[in-house]
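Colleague: here is the input, now give the coordinates:
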Amino acid sequence: MRKAEVKELIRKYKERLERELKAKPSEIRPVFSKEYEVFRKELLPRKLTVYEKSCNVAAKILKIKPGKEKKQELLDAIRTCHLKTSPEGAVSLPIGATILILLFGVLVSIFLFKSSFLLLFFLVFAGLGYYALNKLPFFLATSWRMKASNQMILCIFYVVTFMRHTPNLERAIKFAAEHIDPPLALDLKKVLWDVETGEYENVKEAMDAYLNGWRKWNPEFVEAFHLVESSLYEASEDRRVGLLDKALDLILTETYEKMLHFAHNLKGPVTMLHMLGIILPILGLVILPLVVNFLGNVKWYHLALLYNVALPIIVYFFGRNILTKRPTGYGDSDISEINPQLKKYRYVLIRIGRKEIKVSPFVVAVFVGAVLLFIGLLPIIIHTVSPEFDANFIAGSKFLDYRESRVTAGTIVGPYGLGASLLSLFVVLALGIGFGIYFRIRSSKLIKIREQTRQLEDEFASSLFQLGNRLGDNLPAEIAFSKVAAVSRETPAGKFFKIVAANISRLGMSVKEALFNPYTGAITYFPSRIIESSMKVLLEAIKKGPLIAARAILSVARYIKEIHKVNDRLKDLLAEELSSMRSQIKFLAPTIAGIVVGISSMVITILLKLSEQLSAISAAGEASIAQMNLLEMFGDGVPTYFFQMIVGIYVVQVIFILTVLANGIENGADKLAEKYALSRNLIKSTLLYCFVAGLVMLLFNVIAAQVIRFAV
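Modeller: Sure, this is the predicted structure:
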């Protein structure tokens, strides 16, 4: 190239740079392209987007600026969970929301209901709301870190596995980002994106900057990754591979030690949660009928606000606080996200001829819940349609038993009847069974497929050893698969290798097609991240020869063995506390609550009959001054119909919260296992509660009738 041409080229670039530097902000192209925004929206949960919008609106209206130290803390939290908002928005939202809650509370409690209790409730709720929203960015950042930590063992596993045969850090990070779940996948893609956009010169600088954010929270992950980076500078192949092995051993060992401490410290918080969320609230219900009967201003909706709003929120945040302390784990993922063809199993599938109709589980759950809710609301519906309706049910007691209020003249209150109380159980069934059916349809078929895949994973390491040995004998991969399939016949691993061998021999596919063909590939039948990544490592290593592939696949087998061993040890550590929580969910909470409802039903019945007799004596003019004073102490009381609903709904809420907590402790952020556990626990525990409550109500009302008869 001539000097004149070089000068002309330099001049053109100088002019372009000047134009770019002098351009208006609106003319400068954004750093992040639409592609980055697309994968960000796909990976970020929807609730974060709602929070972002709320913060941005609050920042425009209030424009409150935080202090210097808090601003930096908020910036760190916002960057951690990739929020598109500012510290000003995170500070303005709690103040704005508190003002709105207070205004709404004053309007509702004073102008509509004229209730000092509701005003106090909204004042407390506004204070708690301000505290919760003020801490929400840090809570979201902690939750993000917990979910990301759940994938860190697998992240190191994938990076180390790839770098054993290909010492390229950028490709190893890309390989890991493709095989782990969000949110760590988003973080790794952001690291690569920062290199592409020129924010950092190379992937090592970008990764080191990202790791600095984890130094305080997960130092073993940082140390393991630094060992991986150090392996790139080793001239000796043995030393390089040794550093990679040490990186995985380090994070596995540190994880076990941290989980050991977590398990030891878990007993106290779980016991506290059991007392705070189950024992004290439910046993406190025993004295509430007495309090309500002697305090006429206390209504059933006051109890509902306390038990169905305030207490579940407190128990939920207490449980989430326990989960935030869970160290790095080994979490499973939703297999329908790995293989989109499995998403159809989230629906009810109805075959009509050759067509397959998908029915949403939401429709089925709403239908079942609506039918049960209609039965539960029959006492109110019947009284609204026919106020005079009242049939005898058992022992002369009334089915609905609506009566005139003693506190407010001319007001009809109820229903107090035993029949209405038993029908109220259907409201609880509507909630528990409705949600249970929804989660069962969404998860039951997928969990069976994943269990089959997990059986394959458990024995896959042994089969990989066999495959590695065959490749080590200089056999081509096509023949090695058929050899392993012949040895491991009636096992899940044997079926996997048999499908691969059949695709190669009968359909003439390549090894890649035999494994990853979207219709007949072996991975389609066994959707597993570990198996998929192992086979991709094999495909990469085969390019360098059978011996390299043999070493790569044998190292993968060893890593899988180590990961499963640590995972089993972690579950053993948590077995005692998890067993205690499961007993609370499946037996203790519904049984205790059912017995308490039965006892409360008896107390309410006796107090009502006692007040009726005192009223009759007073009307006849035979009451003494003491009896008259006693009569004035009685209020209307809370009908068992509403009282049982409050307790039953609270039981369903507690079962939901404890199930999410138990699954989080055992499996980390495993949504599929969480849905399946919710489907089992909600249905079984709700049925147990309704059976116990109904039986005890019947028995204790018979006892109450005998007590009243002898008292008369």
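Colleague: can you tell me what sits against stretch 512-527?
Modeller: 335, 338-339, 341-342, 449-450, 452-453, 456, 481, 492, 495-497, 499-501, 503-504, 507, 509, 531-532, 535, 539 (C-beta atoms under 8 Å, 6 or more residues apart in numbering). Using the backbone N, CA and C atoms, a C-beta is placed for each residue, glycine as well.
Colleague: go ahead and build a PyMOL selection from the buried members of those.
Modeller: Selection of the buried residues among the contacts of stretch 512-527 in PyMOL, burial being defined by 16 or more other C-beta atoms under 10 Å:
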select buried, resi 335+338+339+342+449+450+452+453+456+481+492+495+496+497+499+500+501+503+504+509+531+532+535
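Colleague: mind checking which of the contacts of stretch 512-527 land in helices?
Modeller: 335, 338, 449-450, 452-453, 456, 481, 492, 495-497, 499-501, 503-504, 531-532, 535, 539 (DSSP state H).
Colleague: in the helix or strand where residue 97 lies, what counts as buried?
Modeller: Residue 97 belongs to helix 87-106 when elements are defined using DSSP states H and E. Buried positions in helix 87-106, judged by neighbour count with 16+ other C-beta under 10 Å: 87-94, 96-98, 101-102, 105.
Colleague: what is the most widely separated pair among those?
Modeller: Spanning the widest gap among those are 87 and 105, at 28.0 Å by C-beta to C-beta.
Colleague: any weak-confidence spans in the stretch 151-300 of the chain?
Modeller: By pLDDT under 70, the weakly predicted segments of the stretch 151-300 of the chain are 289-298.
Colleague: helices along that one, start to end?
Modeller: 152-165, 169-179, 184-196, 203-212, 219-230, 237-264, 267-274, 280-284, 288-294, 300-305 (DSSP state H, counting those that start in this stretch).
Colleague: would you mind finding the most buried of those helices?
Modeller: Counting by mean count of other C-beta atoms under 10 Å, helix 152-165 has the highest mean neighbour count of these, with a mean of 25.
Colleague: so for stretch 523-534, what's the average pLDDT?
Modeller: Averaged over stretch 523-534, pLDDT sits at 78.
Colleague: end-to-end on it?
Modeller: Using C-alpha to C-alpha, to the nearest Å, one end of stretch 523-534 lies 11 Å from the other.
Colleague: do a quick rundown of the strands in the stretch 401-550 of the chain.
Modeller: 403-404, 412-413 (DSSP state E, counting those that start in this stretch).
Colleague: out of those strands, which is closest to residue 362?
Modeller: strand 412-413 (36.3 Å).
Colleague: what pairs with the closest one, parallel or antiparallel?
Modeller: When sheet partners are counted by DSSP bridges, strand 412-413 sits next to strand 403-404 (antiparallel).
Colleague: quick check: residue 287 vs residue 591, distance?
Modeller: 20 Å (C-beta to C-beta, to the nearest Å).
Colleague: between these two, which has more neighbouring residues?
Modeller: residue 591 (17 against 11; other C-beta atoms under 10 Å).
Colleague: now do the residue nearest to residue 344 when sequence neighbours are not counted, the pLDDT please.
Modeller: Ranked by C-beta to C-beta, 6 or more residues apart in numbering and with sequence neighbours excluded, the top spatial neighbour of residue 344 is residue 358, at 6.2 Å. What the model reports as pLDDT for residue 358 is 82.
Colleague: what's the helix or strand for residue 358?
Modeller: strand 355-359.
Colleague: what's the mean pLDDT across the very next helix or strand once past that strand?
Modeller: Following strand 355-359 in sequence order, the next helix or strand is helix 361-376 (DSSP H and E). Helix 361-376 shows a mean pLDDT of 92 in the predicted model.
Colleague: tell me how far helix 361-376 lies from the chain's centre.
Modeller: Distance of helix 361-376 from the chain centroid (C-alpha atoms, centre = their mean, to the nearest Å) equals 24 Å.
Colleague: just the CA atoms of the helix or strand following it, as PDB, please.
Modeller: Next along the chain after helix 361-376, taking DSSP H and E as the criterion, comes helix 378-385. Written as PDB, here are the backbone C-alpha positions of helix 378-385 (Å, rounded to 0.1, in the frame of the first residue of the first chain):
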ATOM      1  CA  LEU A 378     -74.100 -22.300  50.300                       C
ATOM      2  CA  PRO A 379     -75.100 -21.100  53.800                       C
ATOM      3  CA  ILE A 380     -74.600 -17.500  52.800                       C
ATOM      4  CA  ILE A 381     -76.200 -18.100  49.400                       C
ATOM      5  CA  ILE A 382     -79.200 -19.800  50.900                       C
ATOM      6  CA  HIS A 383     -79.700 -17.100  53.500                       C
ATOM      7  CA  THR A 384     -79.400 -14.400  50.900                       C
ATOM      8  CA  VAL A 385     -82.000 -16.100  48.600                       C
END
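Colleague: quick one, what contacts residue 431?
Modeller: Residue 431 neighbours (C-beta under 8 Å, 6+ apart): 369, 648-649, 652, 686.
Colleague: what distance do you get for it to residue 606?
Modeller: 29 Å.
Colleague: on that earlier part again, can you add distance to residue 377 and neighbour count and give the contacts of residue 431 back as a markdown table?
Modeller: Output for those, formatted as a markdown table (distance: C-beta to C-beta, whole Å; neighbours: other C-beta atoms under 10 Å):
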| residue | distance to residue 377 | neighbour count |
| --- | --- | --- |
| 369 | 12 | 21 |
| 648 | 14 | 28 |
| 649 | 14 | 18 |
| 652 | 17 | 27 |
| 686 | 17 | 25 |
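Colleague: can you redo the residues you listed as CSV with distance to residue 54 and secondary structure?
Modeller: What follows is the contacts of residue 431, written out as CSV (distance: C-beta to C-beta, whole Å; DSSP: H, G, I helix; E, B strand; the rest coil):
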residue, distance to residue 54, secondary structure
369, 30, helix
648, 33, helix
649, 28, helix
652, 29, helix
686, 34, helix
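Colleague: farthest pair within the residues you listed?
Modeller: Among the contacts of residue 431, 369 and 648 lie farthest apart (C-beta to C-beta), at 13.9 Å.
Colleague: for residue 221, which non-adjacent residue is closest in space?
Modeller: residue 152 (4.7 Å).
Colleague: wait, the one you found sits on residue 184?
Modeller: Yes. Here residue 152 reaches residue 184: they are 6.8 Å apart, a contact under C-beta atoms under 8 Å.
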